[in-house]
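In: I would like to see how this sequence folds:
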Amino acid sequence: MQMTWEKINQLMSCCTLCPRKCRADRLNGSHGFCGQGADVMAARAALHFWEEPCISGSQGSGTVFFSGCSLQCVFCQNHSIASGQAGKRITLRHLSAIFLSLQEKGAANINLVTASHFVPQVCHALELARQQGLHIPVVYNTGSYEEVSTLRMLDGLVDIYLPDLKYHSPLVSAKYSQADNYFEKAAPAISEMLRQTGRPVIDTSSGLMKKGVIVRHLLLPGEAGDSKRILRYLHDTYGNDIYISIMSQYTPMNQVSHIPSLNRTITDQEYLRILDFADKIGIEQGFLQEGPCADESFIPPFDGEGLE
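Out: Residues are numbered from 1 along each chain as shown. Model prediction:
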């Protein structure tokens, strides 16, 4: 669908873009559960080298970190921007120019991080950028708490989906993200992503992904059982139609210092047991993390770089 200003205004005046369906009148000054109004806010737009190798490559992924979030996980590693504490308002023409600037800097792709609550505006900016020569793949990087109807706005504009599948248990998702329906919403969302992209396409000369879905799962302390259920679900459902990225980089941030269950990193033994399980059930197309990954160096400074 071509995203017109009329359509953007309609969607912003009673927002139901995400499963919260808070119906905030973001067009006229109200903020949704995501913490955002109708104006796009972002905290950083720069080359990013810490994604999966087929996303970052050697030149980096052209990553735009949007402010606000519809999920608000208590342990979020990007807490300052998810909570709306950091960010700069940008026009859609400026956002379009940012995409083109990242392409000129040699980015492997345009990487949209947590853009769910700005999907109509992002669609418009992508359409403008394409008219002016944007040709590299577009990556949609999401926590997967999505409405299928919102994802369908992106059909034909996004080439690669990089969703998390955070939780299987509604008890765990309620405890850490106030979303007991997380899996109920994330599962069909990932199915829609695969419908749009098809099976992974990797450029053999560069090793970069051109189309497809990589589902990430971040291990949380003490939640190995939930992790196993997620990995089994993904493999049983999709087999080799997706890549699965099993992540050990959980970093306890200041906001979880009062939550003992979250105030530690993943042990090597915990991670190895999950990798052994993944191998046992037959997961072949995947990514793992080696070495000490629980490090705040994975979290870039949200200082407005690239938004001038």
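In: what's around Met28, how many residues?
Out: Just to correct that, residue 28 is Asn rather than Met. 11 (other CB atoms under 10 Å). (Each C-beta comes from the backbone N, C-alpha and C, glycine too.)
In: quick one: contacts for the closest residue in space to it that isn't next to it in sequence?
Out: Excluding the flanking residues, the one nearest Asn28 by CB to CB, 6 or more residues apart in numbering is Ser13, at 7.1 Å. Applying CB atoms under 8 Å, 6 or more residues apart in numbering, we find Ser13 in contact with 25-28.
In: can you list contacts of the helix or strand of the chain with the lowest mean pLDDT?
Out: Scoring the helices and strands of the chain by mean pLDDT, DSSP states H and E places helix 79-82 at the bottom, with a mean of 87. Here helix 79-82 makes contact (CB under 8 Å, 6+ apart) with 43, 65-69, 71-73, 76, 85-87, 114, 253, 255, 302.
In: change it to 10 Å
Out: 34-35, 41-44, 65-73, 76, 85-87, 113-114, 143, 253-256, 299, 301-302 (CB atoms under 10 Å, 6 or more residues apart in numbering).
In: output the below-cut-off pLDDT ranges for the stretch 1-150 of the chain.
Out: Residues of the stretch 1-150 of the chain meeting the criterion pLDDT under 70: 1.
In: where along it do the strands fall?
Out: Along the stretch 1-150 of the chain, counting by DSSP state E, counting those that start in this stretch, strands occupy 40-48, 61-66, 88-90, 110-113, 138-142.
In: how about the CA coordinates for the longest one, as CSV?
Out: Coordinates of each C-alpha in strand 40-48 appear next as CSV, following Å, rounded to 0.1, in the frame of the first residue of the first chain:
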residue,chain,number,x,y,z
VAL,A,40,9.2,10.2,14.4
MET,A,41,11.9,10.2,17.1
ALA,A,42,15.3,8.4,16.7
ALA,A,43,18.4,8.3,18.8
ARG,A,44,21.1,7.2,16.4
ALA,A,45,21.7,6.5,12.7
ALA,A,46,25.1,5.0,11.9
LEU,A,47,27.0,2.0,10.6
HIS,A,48,26.6,-0.9,13.1
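In: can you list the strands that that strand pairs with?
Out: Pairing partners of strand 40-48, with direction, according to DSSP bridges: strand 61-66 (antiparallel), strand 88-90 (antiparallel).
In: show me how far the last one is from its chain's centre.
Out: Spelled out, that is strand 88-90. Centroid displacement of strand 88-90 relative to its chain, using CA atoms, centre = their mean, to the nearest Å, is 20 Å.
In: ditto for the longest one
Out: The chain centre lies 10 Å from the centre of strand 61-66; the measure is CA atoms, centre = their mean.
In: list the buried ones in it?
Out: 61-66 (16 or more other CB atoms under 10 Å).
In: in space, what's closest to Asp241 - neighbours in sequence excluded?
Out: Spatial nearest neighbour of Asp241, chain neighbours left out: Arg199 (5.1 Å); criterion: CB to CB, 6+ apart.
In: the one you found touches Lys211, doesn't it?
Out: Yes. If you go by CB atoms under 10 Å, Arg199 and Lys211 touch, sitting 8.2 Å apart.
In: any shared contact partners between those two?
Out: With CB under 10 Å, 6+ apart, Arg199 and Lys211 have no common neighbours.
In: what about His135, how many neighbours?
Out: 7.
In: quick one, what contacts it?
Out: 103, 129.
In: where exactly do the helices run in the protein?
Out: Under the criterion DSSP state H, helices of the chain are mapped to 5-13, 53-56, 79-82, 92-104, 119-131, 148-151, 170-177, 182-197, 224-238, 268-281.
In: quick one: list the elements packing against the longest one.
Out: Right, the one you point to is helix 182-197. Secondary-structure packing of helix 182-197 (3 or more CB pairs under 10 Å, 6 or more residues apart in numbering; DSSP states H and E): strand 138-142, helix 148-151, strand 160-163, helix 170-177, strand 209-218, helix 224-238.
In: good, wrapping up.
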